[in-house]
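Trainee: Kindly return the folded structure for what I paste below:
(2 chains)
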Amino acid sequence: MLLAFDWTQLAQQIVIGLSSGGVWATLAVALVLIYRSTGVVNFAQGEMAMFSTFIAWSLVHHGLSYWGAFFLTVALSFLGGVAVERVVIKPVERAPVLTVVIVTLGLFFLVSGAARWIWSPEVRSLPNAFSTRPIEIAGVAFSIQDLGTIAVSLGAVGLLWLFFRFTKLGLASRAAAVNPEATRLVGVRVSWMLALGWGLAAAMGAVSGMLTAPALASFDQNLMQPVLLYAFAGAVLGGLGSPLGAVVGSLLLGVLINLIGTYVDWVGTDLRLPVALAVILGVLLVKPTGLFGRAEVTRV
Amino acid sequence: MRRWLGIGVWVLTAGAVLALYALAPHLVSDFHSRDLAQAGVFFIAIVGLNILTGYTGQISLGHGALMAVGGYTAAALAVHEHWRDVWTIPLAGIAAGVVGFLIGLPALRLSGIYLALATFAFAVAMPSLLKKFSGLTGGGQGLRLLEQAPLQVTGLSGTVTIFGHTTTQNHFLYYLTWGIGLIAFVIAWLIVRGRLGRTFRAVRDSEVAAASVGIDLARTKTLAFAISGVYAGVAGALLAIQAEIVNPLSFTFLLSILLLVGAVVGGLGSLPGMVVGAFFVQYVPELSTRISSKPGVPDFLYGAAIILVMILLPTGAGGLLRRVARPLTTRLYLRP
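Mentor: A predicted model of the protein is given here:
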């Protein structure tokens, strides 16, 4: 059995895992963006991404090319995210954390319902973003789609990193997340920084949705629910406070799940998520704040 | 004088609650008393969740799975062991309590959102696990009490005779569920107002401070999980008895989410508020379906209702109750 071990298959499975992990990473980064500034996991993030994907579908349906619709949707989603924060989240800014969590759960039902209302619940499809033919690297055939997905998701995360690292606005929003009071004192509008975070998170979610949909033969309004679960798990694995951790965690999770599904017969497709969660739980028990998270120091 | 007034208010409240309990099913139709019974299931589970999340500060996204443990214990005892359905309830509570204790163990290391993931993992894994061990659980088909163990189902003939009174099955289910619900409420009230409740709240407000006054964090947290698990298990068993069927789809992750919504809408840290939470979870989806059944619209309205309630009542119905009752209670408790 060991002699017949297929290294080609292993390499292929790893790339497939990285490709799904990359999509999860974009959504995981969206979760981290909001978690870092408000301490809340946005349960509606996946549904918002699904809504964005349906906007992209409508645009494509009206004659835009995939990439035209892609960038327009990212921009629209940014505005939509800002609007959602202003209308729904701002009123509960000072409420207990769990209240805000429940508001995002309400948002989950609301957005998912709105998508079913506007676009009737039937299956549809998006054109492929990349060529579907395989490409040969070092004698192993990879799908261009997988490689392209990895490139776009990591590119989006990279752009976001550049924004936070090298622009004044990025600096201000990082400051607002770390110490809102002091940031307010130096003249930054902290509340609007939160809205900016929601906008960016919605834009990242849109990227993740528009990468998920074309890879499927067809999709409906349930598109992003599994993706949200994986992104949440990946973000927690990496440490919810760290964007880098979210990316690494999601990529690791993608590879892990794909390899477990392929090589451990007992697991199959049904138990992949539970097994992956069990592994994460094991990691968390050793390192309770995730791989890249830091323990918070609180004053008693 | 004031002391007697205070006692009088208590007696009156208790009397009013008991009268409402006795009369409620006669105010609505027989069919609707079944809905009331289902709201009672949510009530019991949400009171348990409140002890854990509201009073001890441990978030659980896995309470639906604990209800599954209770529901399946009840159904398996009725189907495989031929127990009468109502007698399975205590054992279902104990089974879920033990499982609750076990999923409380990660809480010794994890807190906040990381603990939420641990309990969430449990909730997500539950349906797949139920399908995997199909010998005991009936796999994807689940267990049908009515077909597989008809003799064990109480009130199959349409009427139930209890203490010499004959009632319809729906009324029986109502009285059973809310009767247990009232007892569960009183027990929860005794727990949270006593020494244990103070310990719970100390852990919630500051673990470091609690530990430094000698509170055993591990014992307190796992105990809260176990108690909460018993409540969930009893609720799960009652759900199984009402539906006469359990399958993996009765206990999805959505159930865990709805319980949390109910607890927060009802108001964490308030027991009477949980009635409001239970009714919210039971009736608001139904109401939204009645307004319009176009695809998506009920979900849209349900989401809007949740958001609106949270914006208007950030501390839930319990916070409102406290604010309304404060002038009254402070006057009662102040010595002249």
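
Trainee: Can you tell me the number of residues neighbouring residue 209?
Mentor: Here I'm looking at chain A. Using other Cβ atoms under 10 Å in any protein chain shown, A:G209 has 31 neighbouring residues. Every C-beta, even on glycine, is put in place using the N, C-alpha and C of the backbone.

Trainee: Oops, wrong one, chain B.
Mentor: B:A209 - counted by other Cβ under 10 Å - has 12 other residues nearby.

Trainee: Show me the shaky parts of the stretch 101-250 of chain B.
Mentor: B:151-152, B:155-165 (pLDDT under 70).

Trainee: quick one, helices of it?
Mentor: For the stretch 101-250 of chain B, helices defined by DSSP state H, counting those that start in this stretch occupy the ranges B:112-132, B:134-137, B:145-148, B:169-193, B:195-205, B:207-212, B:217-243.

Trainee: A:S125: which of the ones you listed is closest?
Mentor: helix B:112-132 (27.7 Å; Cβ to Cβ).

Trainee: Can you spell out which helices and strands pack onto that closest one?
Mentor: helix A:225-238, helix A:272-286, helix B:63-80, helix B:89-104, helix B:253-266 (3 or more Cβ pairs under 8 Å, 6 or more residues apart in numbering or on different chains; DSSP states H and E).

Trainee: most packed of those helices?
Mentor: Of the helices and strands packed on helix B:112-132, the one with the most neighbours on average (mean count of other Cβ atoms under 10 Å in any protein chain shown) is helix B:63-80, at a mean of 28.

Trainee: CA atoms only for it, dumped as CSV, please.
Mentor: Extracted in CSV, the C-alpha atoms of helix B:63-80 (Å, rounded to 0.1, in the frame of the first residue of the first chain):
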residue,chain,number,x,y,z
HIS,B,63,-28.1,23.4,23.5
GLY,B,64,-30.1,21.9,20.6
ALA,B,65,-27.7,19.0,20.7
LEU,B,66,-28.3,18.6,24.4
MET,B,67,-32.0,18.5,23.7
ALA,B,68,-31.3,15.8,21.1
VAL,B,69,-29.6,13.7,23.9
GLY,B,70,-32.8,14.0,26.0
GLY,B,71,-35.2,13.4,23.1
TYR,B,72,-33.3,10.4,21.9
THR,B,73,-33.0,9.0,25.4
ALA,B,74,-36.8,9.2,25.8
ALA,B,75,-37.5,7.8,22.4
ALA,B,76,-35.0,4.9,22.7
LEU,B,77,-36.3,3.9,26.1
ALA,B,78,-39.9,3.9,24.8
VAL,B,79,-39.1,2.0,21.6
HIS,B,80,-36.3,-0.4,22.7
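
Trainee: Please identify the residues of the stretch 51-200 of chain B in proximity to chain A?
Mentor: B:53, B:59, B:106, B:109-111, B:113-114, B:116-118, B:120-121, B:124-125, B:128-129, B:131-132 (Cβ under 8 Å from any Cβ of the partner chain).

Trainee: Can you tell me which of those residues are buried?
Mentor: Buried members of these, scored by 16 or more other Cβ atoms under 10 Å in any protein chain shown, are B:53, B:59, B:106, B:110-111, B:113-114, B:116-118, B:120-121, B:124-125, B:128-129, B:131-132.

Trainee: Which parts of chain A are strands?
Mentor: For chain A, the strands defined by DSSP state E cover A:134-137, A:140-143.

Trainee: is it possible to export these to a markdown table including mean pLDDT and mean neighbour count?
Mentor: As requested, these are exported to a markdown table (pLDDT from 0 to 100; neighbours: other Cβ atoms under 10 Å in any protein chain shown):
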| stretch | mean pLDDT | mean neighbour count |
| --- | --- | --- |
| strand A:134-137 | 76 | 12 |
| strand A:140-143 | 78 | 16 |
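
Trainee: In this structure A:V207 contacts A:L154, no?
Mentor: No. Between A:V207 and A:L154 there is no contact under Cβ atoms under 8 Å: 10.8 Å.

Trainee: So which of the two has more stuff around it?
Mentor: A:V207 (27 against 16).

Trainee: show me what contacts the spatially closest residue to B:L320 that is not a sequence neighbour?
Mentor: Of all residues not flanking B:L320 in the chain, B:L313 sits nearest, at 5.5 Å (Cβ to Cβ, 6 or more residues apart in numbering or on different chains). The neighbours of B:L313, taking Cβ atoms under 8 Å, 6 or more residues apart in numbering or on different chains as the test, are B:265, B:267, B:319-320.

Trainee: again with A:G81
Mentor: A:48, A:198-203, A:205 are the contacts of A:G81 under Cβ under 8 Å, 6+ apart.

Trainee: most surrounded residue in those residues?
Mentor: A:G205 leads the contacts of A:G81 on contacts (other Cβ under 10 Å) with 35 neighbours.

Trainee: A:S58 versus that one, what's the distance?
Mentor: 17 Å (Cβ to Cβ, to the nearest Å).

Trainee: For residue 14, report the pLDDT, please.
Mentor: Just going to use chain A. Looking at A:I14, its pLDDT is 87.

Trainee: my bad, chain B
Mentor: On the pLDDT scale, B:A14 gets 87.

Trainee: Repeat that for the one 3 residues further on.
Mentor: Confidence at B:V17, expressed as pLDDT, is 86.

Trainee: Would you confirm that it contacts B:G181?
Mentor: No. At 10.9 Å, B:V17 does not count as touching B:G181 under the criterion of Cβ under 8 Å.

Trainee: higher neighbour count, the two?
Mentor: Applying other Cβ under 10 Å to B:V17 and B:G181 shows that B:G181 carries more neighbours, namely 26 against 14.

Trainee: show me the contacts for the more buried one.
Mentor: B:40, B:43-44, B:47.

Trainee: Right, I'll leave it there.
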